[in-house]
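Student: with the sequence up front, the predicted model follows.
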2 protein chains.
Amino acid sequence: MHPALARLRTRLGPAGWLDQPAAMAPYLEESRARHHGAALAVVRPADTAAVAAVLAACHEAGVGMVPQGGNTGRCAGALPTAGQLVLSLARLDRIRAVDALDGSLTAEAGCILADVQAAARAHGRLFPLSLGAEGSCTIGGNLATNAGGLNVLRYGSARALCLGLEVVLADGRVWDGLRRLRKDNTGYDLRDLFIGSEGTLGVITAAVLRLFPLPERRATALAALADLDACLALLARARHASADTLTSFELLPRIGLDAAVRHVPGCRDPFDVAHAWCVLLELDGAGDAPAARLEALLADALAAGEIVDAATAASEAQAAALWRLREGLVEAQRHEGASIKHDVAVPVSRVPEFIRQASAACTALLPGVRPYPFGHVGDGNVHFNLSQPPGMAAADFLACWGRCERVVHDLVAACGGSFSAEHGVGRSKTGEMARYKSPLELELMRGIKRTLDPRGILNPGAVLPPG
Amino acid sequence: MHPALARLRTRLGPAGWLDQPAAMAPYLEESRARHHGAALAVVRPADTAAVAAVLAACHEAGVGMVPQGGNTGRCAGALPTAGQLVLSLARLDRIRAVDALDGSLTAEAGCILADVQAAARAHGRLFPLSLGAEGSCTIGGNLATNAGGLNVLRYGSARALCLGLEVVLADGRVWDGLRRLRKDNTGYDLRDLFIGSEGTLGVITAAVLRLFPLPERRATALAALADLDACLALLARARHASADTLTSFELLPRIGLDAAVRHVPGCRDPFDVAHAWCVLLELDGAGDAPAARLEALLADALAAGEIVDAATAASEAQAAALWRLREGLVEAQRHEGASIKHDVAVPVSRVPEFIRQASAACTALLPGVRPYPFGHVGDGNVHFNLSQPPGMAAADFLACWGRCERVVHDLVAACGGSFSAEHGVGRSKTGEMARYKSPLELELMRGIKRTLDPRGILNPGAVLPPG
């Protein structure tokens, strides 16, 4: 072991340096268990100074370091290789400050997202980032991957929710960018460069987050679309009629509703007719306004022929039941056999066209395959999943992953879209980076990487394909 | 002349290459006429390819290039030196596309901001960036300086309103980042690096902008605060009660109201009592909701003792009259003698404390000086201006600019604030960059600058202090 690492081991002590296989195991496996890694050790520093010591040692020793938050990523971005260190930020879990009048909260990177939400709520404020993994993902990981989720339509992705950062640089120096400012035009936007860089430019150790008024009420409905195209008119109507307080606009396809009802306890389709496409709408606001607005806009949408039916939640329990369908649809897919998944974005106005084209192309490629497209279509973000054809062996289906991905991502590119809307690149999608990004854009990114990480120790192999 | 420049002159022709003093004059003077520049020539390319030719020639010749939009900057960011070229983007003035369903508009850099707003409105959409210079500033300059203005509270600064960019790089290559996506997590955030870099990392030639629903109604009021501190409680109340649809929250001090009423035709104080501090609130929304919400929240604020009176606009004409006070206050200051100006930001919760401390410190430094603080306090952004002491010669007062600036900016720094909230750095504030930015942050910025502009031809001398 390089002397710098040996000194680091001593400094961190047994609570901060794990190298036994059993202790390391949970850090070396991605949640979906599609990927397995290896590592020299897992380090668990307790504060920013200790993180700085880890990076300084890695820099000196020329050893790669893979930062890890809640290890809930989807793209193997936190997966190390033998000889590297895993840097767990889990012990940096303090909420350092909350200022309700300011609308800001300062959290360390290892804070669980749900705990950040709760701390804001305890001060009468909303931290709107919300996603399936919120009970175990960390705010540092959310920022490193620019997480999206359910409320992007109104509140933006993680990037839009961050005012300032503390970042440990490749050589162990600490950049203090923990500003609480809404406006600051003094030089280059370093903050947004680190956000979304997946730990390849620096390690986020703390962040100042933006808080919002806690909405008094939410109004929720499931609307049955006249057809897929109608989702665009309904979205424009809902944004307008709600004065752009629409927080969620989620597409639910028939196949997903059926699967949720079939496999997930408590899921019930509120309609008697099996509508092909539904949208879950939610808006927030004060007093009775959200419910009244939602009722009115749905009545107008019905009259305009955009929707054919709607179920409005009359209570929080009914709203939860509608959300249960949306979440159940994700959970239910694994009961329908193997899945091939794509997290793509296209311009909002091209969502229906994209879904139709991608469904046709995948069906042509793999007769009997069942397209399972759902998600945040208000943001142009479709989780374009596929369920295996009935009767086909799971392994044979999964062997087609690459071919399906090519067909789907080529269509996405033709629509001016993104092959990774909210999950990031990690290690799984560096091949897509090489294929779909222009050589010029890759050159710019590589230049920035070299400038900030000249020895290439920060999350090696993530984000950028080999040059 | 370097042969590359001679070739460029031929290529651009007489409409694209101005080198006569009279023709160049308007490009060499900043609007406030505090700064005068010189140049080898002013080039006026007509499209992106011609901009690329300009940069390629400058790169080859090693000649500095200063991009210029509407030349409405406040910090000499578009001011050239002898031997340099001014690159005017004025001829790149096409709206390339508007997609109402998508909520996006693609504009070339030289489009006047007001024309962009109008194009959005013609499609039933809002482009919310709004500032005093909107009739002559250009969207390219707005993005290069990350412009703020009157609607930041709800809609964000220019950065938050941009989905994609087309940028000509230092060597004349064109980065096509003209994406229309709400979500895209595929690599480093180059877009936000170019935004706010004031033309020192590349030249923005076109942008995809975000559009919003056109608000049906706006509700506007002027509220008289119980005291300065009460602005914080009123802001929190207004954000909450309006479900965060508050678009403007502007502070108007007594001195500014008096000056506006005295010097600007049509300005009238709606109150019989001379209140020390007023706030202009505006929120937007659908139907009668904004007006009802504003009335209700002002009644609650009155009951809570946060405000002592309020004048609500009952018509668009009355709303315009209230805005006239806000704008008149700026115009009126020059009738009150010479001014020293600061465009600073502090955390929102520290605005009252900052205004008190800065007023006291400036008065101690310069007895009789009249603090004139106003502006976007909902964003923590105070235009902390000073009017000359009665009886003092203007020149003597202006000679104190540096000392006043030091006192004010030191207090801003102590509050964790920014010495340039929305005006940028340009050439006037590079000394402040050297003083207030950490050496580490400057080093990071310089590294990025070298990577993207190795020959230092992009707006030399702007943003970064000499290394």
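Tutor: Ah, there it is.
Student: output the below-cut-off pLDDT ranges for chain A.
Tutor: A:31-34 (pLDDT under 70).
Student: domain map for it?
Tutor: Following automatic domain parsing, one finds the domains of chain A at A:3-88, A:95-213, A:217-334, A:337-414.
Student: deepest in the core, which of the ones you listed is it.
Tutor: domain A:95-213 (a mean of 23; mean count of other C-beta atoms under 10 Å in any protein chain shown). (C-beta placed from N, C-alpha, C; glycine too.)
Student: thinking again about what came up before, possible to save the domains of chain A as a markdown table with distance to chain B?
Tutor: Converted to a markdown table, those look like this (distance: least, C-beta to the nearest C-beta, whole Å):
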| stretch | distance to chain B |
| --- | --- |
| domain A:3-88 | 9 |
| domain A:95-213 | 4 |
| domain A:217-334 | 4 |
| domain A:337-414 | 4 |
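Student: distance to residue B:58 for the ones you listed - can I get that in TSV?
Tutor: Conversion of those to TSV gives the following (distance: least, C-beta to C-beta, whole Å):
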stretch	distance to residue B:58
domain A:3-88	37
domain A:95-213	21
domain A:217-334	43
domain A:337-414	33
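Student: those domains: which one's closest to residue B:75?
Tutor: Nearest to residue B:75 among the domains of chain A is domain A:95-213; the distance by C-beta to C-beta comes to 9.3 Å.
Student: and that closest one, how far apart are its ends?
Tutor: 19 Å (C-alpha to C-alpha, to the nearest Å).
Student: what about the helices in the stretch 251-400 of chain A?
Tutor: Assigned by DSSP state H, counting those that start in this stretch, the helices in the stretch 251-400 of chain A fall at A:254-263, A:289-303, A:316-332, A:351-365, A:394-398.
Student: out of those helices, flag the one nearest residue A:140.
Tutor: Across these, closest to residue A:140 is helix A:316-332 (C-beta to C-beta), at 24.2 Å.
Student: tilt between that closest one and helix A:254-263?
Tutor: Taking axes from the mean of the first three to the mean of the last three C-alpha atoms, to 10 degrees, one finds that helix A:316-332 is oriented at 100 degrees with respect to helix A:254-263.
Student: helices or strands next to helix A:316-332 in the packing?
Tutor: Helix A:316-332 sits against strand A:217-225, strand A:246-253, helix A:254-263, strand A:277-285, strand A:370-374, with contacts defined as 3 or more C-beta pairs under 8 Å, 6 or more residues apart in numbering or on different chains; DSSP states H and E.
Student: take those and lay them out in a markdown table including distance to residue A:465.
Tutor: As requested, the helices and strands packed on helix A:316-332 are exported to a markdown table (distance: least, C-beta to C-beta, whole Å):
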| stretch | distance to residue A:465 |
| --- | --- |
| strand A:217-225 | 39 |
| strand A:246-253 | 32 |
| helix A:254-263 | 33 |
| strand A:277-285 | 37 |
| strand A:370-374 | 27 |
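Student: you'd agree residue A:216 is up against residue A:291?
Tutor: No - with contact defined as C-beta atoms under 8 Å, residue A:216 does not reach residue A:291; the gap is 11.1 Å.
Student: could you say which helix or strand holds residue A:121?
Tutor: Element membership for residue A:121, per DSSP states H and E: helix A:113-122.
Student: show me what the next helix or strand after that helix is packed against.
Tutor: Later in the chain than helix A:113-122, the nearest helix or strand by DSSP H and E is strand A:125-126. Counting contacts by 3+ C-beta pairs under 8 Å, 6+ apart, strand A:125-126 is packed against strand A:212-213.
Student: now the helices: where do they sit in the stretch 51-200 of chain A?
Tutor: Using DSSP H, counting those that start in this stretch, helices in the stretch 51-200 of chain A cover A:113-122, A:139-144, A:152-155, A:190-194.
Student: from the contact counts, what lies against the second one?
Tutor: Think helix A:139-144. strand A:65-68, helix A:113-122, strand A:203-210.
Student: from the chain's centre, how far out does the last one sit?
Tutor: Distance of strand A:203-210 from the chain centroid (C-alpha atoms, centre = their mean, to the nearest Å) equals 17 Å.
Student: ok, the first one next?
Tutor: Taking C-alpha atoms, centre = their mean, the mean C-alpha location of strand A:65-68 is offset from the chain mean by 18 Å.
Student: for the longest one, same thing?
Tutor: Relative to the mean C-alpha coordinate of its chain, helix A:113-122 is positioned 18 Å out (C-alpha atoms, centre = their mean).
Student: pull the CA atoms of it into CSV?
Tutor: Extracted in CSV, the C-alpha atoms of helix A:113-122 (Å, rounded to 0.1, in the frame of the first residue of the first chain):
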residue,chain,number,x,y,z
LEU,A,113,-33.2,13.3,1.1
ALA,A,114,-36.3,12.5,3.3
ASP,A,115,-34.5,14.0,6.3
VAL,A,116,-33.8,17.2,4.4
GLN,A,117,-37.5,17.4,3.4
ALA,A,118,-38.5,16.8,7.1
ALA,A,119,-36.1,19.5,8.4
ALA,A,120,-37.6,22.0,6.0
ARG,A,121,-41.1,21.0,6.9
ALA,A,122,-40.2,21.4,10.6
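Student: identify the residues contacting the closest residue in space to residue A:392 that isn't next to it in sequence.
Tutor: Of all residues not flanking residue A:392 in the chain, residue A:368 sits nearest, at 7.0 Å (C-beta to C-beta, 6 or more residues apart in numbering or on different chains). Each residue near residue A:368 by C-beta atoms under 8 Å, 6 or more residues apart in numbering or on different chains is listed here: A:389, A:390, A:391, A:392.
Student: ok, now residue A:162?
Tutor: Per C-beta under 8 Å, 6+ apart, neighbours of residue A:162: A:143, A:191, A:195, A:207, A:208, A:209, A:210.
Student: about what we covered before: and of the helices of the stretch 51-200 of chain A, who's closest to residue B:221?
Tutor: It's helix A:152-155; of the helices of the stretch 51-200 of chain A, that one is closest to residue B:221 (C-beta to C-beta) at 24.7 Å.
Student: so which elements touch the closest one?
Tutor: Other elements packing on helix A:152-155 under the criterion 3+ C-beta pairs under 8 Å, 6+ apart are strand A:246-253.
Student: quick one: the strand it packs on to strand A:370-374, angle?
Tutor: 170 degrees.
Student: coming back round to it: tell me which of the helices of the stretch 251-400 of chain A lies nearest to residue A:13.
Tutor: The nearest among the helices of the stretch 251-400 of chain A, by C-beta to C-beta, is helix A:316-332 at 40.4 Å.
Student: circling back: any idea which of the helices and strands packed on helix A:316-332 gets closest to residue B:433?
Tutor: Per C-beta to C-beta, nearest to residue B:433 of the helices and strands packed on helix A:316-332: strand A:246-253, 38.9 Å.
Student: which other residues reach the closest one?
Tutor: For strand A:246-253, contacts defined as C-beta under 8 Å, 6+ apart pick out A:128, A:150-151, A:153-155, A:218, A:222, A:231, A:235, A:238-239, A:276-284, A:325-326, A:329, A:351, A:371-378, A:382.
Student: next, the angle helix A:351-365 makes with that strand.
Tutor: For strand A:246-253 against helix A:351-365, the angle by the same axes, to 10 degrees is 30 degrees.
Student: return the distance of strand A:246-253 from the chain's centre.
Tutor: Here the centre of strand A:246-253 is set off from its chain's centre by 16 Å, with C-alpha atoms, centre = their mean.
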